[in-house]
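Okay, sequence plus prediction incoming.
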Amino acid sequence: MEAIAARPAWTFAQKGIVVLAGALLLWSIAGLIAEPSFSTAADAPTERVLWVDFNGWHALSGFLLFGPAFYFALRPAWAVAYALIAGASLVLTSIWIALSTEALFVLTLPNNETDAVFHLASGLAFLGVAAIQLTRDRSQE
């Protein structure tokens with residue numbers, strides 16, 4: 001009988017992106033349930049879910065950004081790369097959202113200030129995960 005090779009323990013980044021993405025995916029699901037509309041009009045309906053404006057477009061963007069985290073969590077280096085990319089994406093969109101109530105020309109955000117804070121905080125959390133992992137990796141060299 002062959003011995004089964006033990007899998008290495010997951011890194012902080014692998015665990016971190018799964019936890020963050022999992023929570024944000026649940027938030028996206030709640031947003032889609034609260035307002036499933038994919039309307040693109042300037043007055044497209046939105047529903048606030050935990051201080052953030054949601055409609056079908058916002059929920060879909062959450063699925064597209066956070067769903068891949070579970071694949072990228074399979075390898076330590078991928079997890080760090082994902083955390084950096086997701087974090088940068090969220091920080092950049094927070095700037096756009098802070099400046100406009102209509103992001104990507106389809107997503108209406110009447111309460112753009114709170115949405116911008118949400119994106120900034122989420123982005124900084126992902127960047128924090130990457131920074132902590134990179135610091136741990138350097139200290140082990």
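Arrived safely, thanks for sending.

Give the buried residues for whichever helix in the chain runs longest.
Of all the segments of type helix in the chain, defined by DSSP state H, the longest one is helix 112-139. For helix 112-139, the buried set under the neighbour-count rule, 16 or more other CB atoms under 10 Å, comprises 112, 115-116, 118-120, 122-123, 125-127, 129-133. The C-beta positions use only the backbone N, C-alpha and C, and glycine is treated the same way.

Against which helices or strands is that helix packed?
helix 12-34, strand 52-54, helix 76-99 (3 or more CB pairs under 8 Å, 6 or more residues apart in numbering; DSSP states H and E).

out of everything not next to it in sequence, what's closest to the most centrally placed residue in the chain?
Centroid-nearest residue in the chain: residue 66, 4.8 Å away (criterion: CA atoms, centre = their mean). Nearest non-adjacent residue to residue 66, counting by CB to CB, 6 or more residues apart in numbering: residue 21, 4.0 Å away.

So which residues lie in contact with the helix or strand of the chain with the lowest mean pLDDT, not counting its own?
Of all helical and strand segments in the chain, the minimum by mean pLDDT, DSSP states H and E falls on strand 102-103, at a mean of 72. Residues from elsewhere that reach strand 102-103 (CB atoms under 8 Å, 6 or more residues apart in numbering): 42, 93, 96-97, 108-109.

Looking at these, which two lie furthest apart in space?
The two members of the contacts of strand 102-103 with the most space between them (CB to CB) are 42 and 93, at 19.4 Å.

So if I had to pick from the two, which one is more boxed in?
residue 93 (21 against 8; other CB atoms under 10 Å).
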